[in-house]
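# this one's sequence-less:
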């Protein structure tokens, strides 16, 4: 039988910024998409939030991460964390 990656095909990948990691083994990743508007020809920026599985709880808020599509893991989660590309070195502010 052939290699399983050839049978499965290419999975979608996205690169975005972690905006929340308050859930257990789950992060929320905001992905930015820029495109030219068809009628007005202006560059428009749109954002989409993806819930991704983070098995080791390694991603923190502000990190730049790569996520990959996977089977549904819960009602909202069908992406998983592949790698952390860039760490956020800014200290997080804690509300009093």
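Perfect, I can see it now. What you are looking at is a predicted structure, and each value in this text was computed from that prediction instead of being measured.
# Could you list every helix and strand in contact with the helix or strand containing residue 85?
If you go by DSSP states H and E, residue 85 is part of strand 77-86. Applying 3 or more C-beta pairs under 8 Å, 6 or more residues apart in numbering; DSSP states H and E, we find strand 77-86 packed against strand 13-23, strand 26-36, strand 43-53, strand 64-69. For glycine as for every other residue, the C-beta is placed from the backbone atoms N, C-alpha and C.
# Can you list the buried residues in stretch 21-29?
By neighbour count on 16 or more other C-beta atoms under 10 Å, the buried set for stretch 21-29 is 21, 26, 27, 28, 29.
# before we move on, what about stretch 29-43?
29, 31.
# Mind checking the pLDDT average for that stretch?
Average pLDDT, stretch 29-43: 97.
# before we move on, the earlier item: tell me which of the helices and strands packed on strand 77-86 sits nearest to residue 91.
Taking C-beta to C-beta, strand 13-23 is the member of the helices and strands packed on strand 77-86 nearest to residue 91, at 15.2 Å.
# Can you give me the buried ones in the closest one?
Buried residues in strand 13-23 (16+ other C-beta under 10 Å): 14, 16, 17, 18, 21.
# Closest to residue 43 out of these?
residue 16 (18.6 Å).
# how about the nearest residue to the closest one, chain neighbours excluded?
Once flanking residues are discounted, residue 16 sits nearest to residue 31: 3.7 Å by C-beta to C-beta, 6 or more residues apart in numbering.
# and the gap between that neighbour and residue 24?
22 Å (C-beta to C-beta, to the nearest Å).
# Next up, the contacts around the closest residue to residue 45 other than its chain neighbours.
Excluding its sequence neighbours, the residue lying closest to residue 45 (C-beta to C-beta, 6+ apart) is residue 34, at 5.2 Å. By C-beta atoms under 8 Å, 6 or more residues apart in numbering, the contact set of residue 34 is 43, 44, 45, 46.
# for residue 26, same thing?
51, 52, 53, 54, 77.
# possible to save those as TSV with neighbour count and distance to residue 65?
As requested, the contacts of residue 26 are exported to TSV (neighbours: other C-beta atoms under 10 Å; distance: C-beta to C-beta, whole Å):
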residue	neighbour count	distance to residue 65
51	18	13
52	28	8
53	16	12
54	20	9
77	18	15
